[in-house]
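*Asks:* coords below, sequence missing:
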């Protein structure tokens, strides 16, 4: 059963995420005769056991159904998407020096950085194994297409991460909105929206001799790009405004980490030279050197300069563009599953307008 309201969508997300995580956990190893390797297995299973929203996995399944495939055709690939996010987040949390993930201490706070990097690497390897294990169901052509799409997704994500990390490593504050949009498209939009939709369409044709057209897959980049930008902007807004209990990550963490968010870029642009220089001097400090008052002052400046409201407006604009492209694609392609179409629209709305 698909969703016809936001409440039904949230219930569907929760049920689907639990099923995908269970597929992953059933595939991941549990124990070993060597206690240290058993400890590695426990670390690999940590983030998949924490839950999460499951937007990426559900997006993949819905696009598969929309184009005539079955839910069963997409389950393993959708579970692998969730594994992708988990191992990426292990590394991302280390690189960003984060404290919380899904309401609990990040993996490297529990086990240390070296072991956590290795656990992320091991989880990465299991992702590829899981994808390969599905080739009897999908066939060789679709399996190769799926593996190729995961390679593209990985390349885009790490390029986006490099852009963002390089800003911090070089203390570069000469970042404008177009720089931010490029970084977000690569780091967030590809693995959150673009690749899941493209994978779903690829999977829908696994039983036929005709793969999806390059034109269709290219158009999915456009709708996914705009939705992914809206998704990340809202995620950045929630980092400042949500309750930590609902959000599951440290509130104001982006300011502590000196993240170049759309709000900060706008705020620096709207500030006087003196204000800008002061904020940059604070933001450039190491995370542990920033005081709570300094961080709170920057947050309040974002509010008074209209930067948070501005970011919400930009997110809405990109959401509307994503829906426009979605409607064009489904109309031109003659989407086969109307219930999936309505659920995808609800998922788009949730991704771009959620409050946690």
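*Replies:* Looks like it came in fine. Everything numeric here is computed off the predicted structure, so don't read it as measured data.
*Asks:* spell out the residue ranges of the helices in the stretch 201-350 of the chain.
*Replies:* 214-241, 244-247, 253-256, 262-270, 273-283, 292-304, 307-333, 338-353 (DSSP state H, counting those that start in this stretch).
*Asks:* take those helices and lay them out in JSON lines including distance to residue 166 and mean pLDDT.
*Replies:* Yep, even glycine has a C-beta here, placed from its N, CA and C like the rest. Shown next, in JSON lines, are the helices of the stretch 201-350 of the chain (distance: least, C-beta to C-beta, whole Å; pLDDT from 0 to 100):
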{"stretch": "helix 214-241", "distance to residue 166": "18", "mean pLDDT": "96"}
{"stretch": "helix 244-247", "distance to residue 166": "27", "mean pLDDT": "59"}
{"stretch": "helix 253-256", "distance to residue 166": "17", "mean pLDDT": "93"}
{"stretch": "helix 262-270", "distance to residue 166": "16", "mean pLDDT": "98"}
{"stretch": "helix 273-283", "distance to residue 166": "16", "mean pLDDT": "97"}
{"stretch": "helix 292-304", "distance to residue 166": "22", "mean pLDDT": "96"}
{"stretch": "helix 307-333", "distance to residue 166": "23", "mean pLDDT": "96"}
{"stretch": "helix 338-353", "distance to residue 166": "27", "mean pLDDT": "93"}
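*Asks:* where are the low-confidence patches of the stretch 101-250 of the chain?
*Replies:* For the stretch 101-250 of the chain, applying pLDDT under 70 flags the ranges 243-249.
*Asks:* re earlier: what's the closest of the helices of the stretch 201-350 of the chain to residue 202?
*Replies:* In terms of C-beta to C-beta, the element of those nearest to residue 202 is helix 214-241, at 7.9 Å.
*Asks:* how far off centre is the closest one?
*Replies:* Counting by C-alpha atoms, centre = their mean, to the nearest Å, helix 214-241 is centred 9 Å from the centre of its parent chain.
*Asks:* next, the buried residues of it.
*Replies:* Using 16 or more other C-beta atoms under 10 Å as the test for burial, helix 214-241 gives 217, 219-241.
*Asks:* which strands and helices lie in contact with it?
*Replies:* Under the contact criterion of 3 or more C-beta pairs under 8 Å, 6 or more residues apart in numbering; DSSP states H and E, helix 214-241 touches helix 177-184, helix 195-204, helix 253-256, helix 262-270, helix 307-333, helix 338-353.
*Asks:* show me what the shortest one is packed up against.
*Replies:* When you say that, I think you mean helix 253-256. Short answer (3+ C-beta pairs under 8 Å, 6+ apart): helix 253-256 packs on helix 214-241, helix 292-304.
*Asks:* nearest to residue 153, of those?
*Replies:* Closest approach to residue 153 among those (C-beta to C-beta): helix 214-241, 11.0 Å.
*Asks:* could you check the angle the closest one makes with helix 177-184?
*Replies:* 110 degrees (axes from the mean of the first three to the mean of the last three C-alpha atoms, to 10 degrees).
*Asks:* ok, now which ones touch residue 229?
*Replies:* Residues in contact with residue 229 (C-beta atoms under 8 Å, 6 or more residues apart in numbering) are 181, 184-185, 188-189, 315, 318.
*Asks:* kindly report the same for residue 12.
*Replies:* 1-3, 58, 343.
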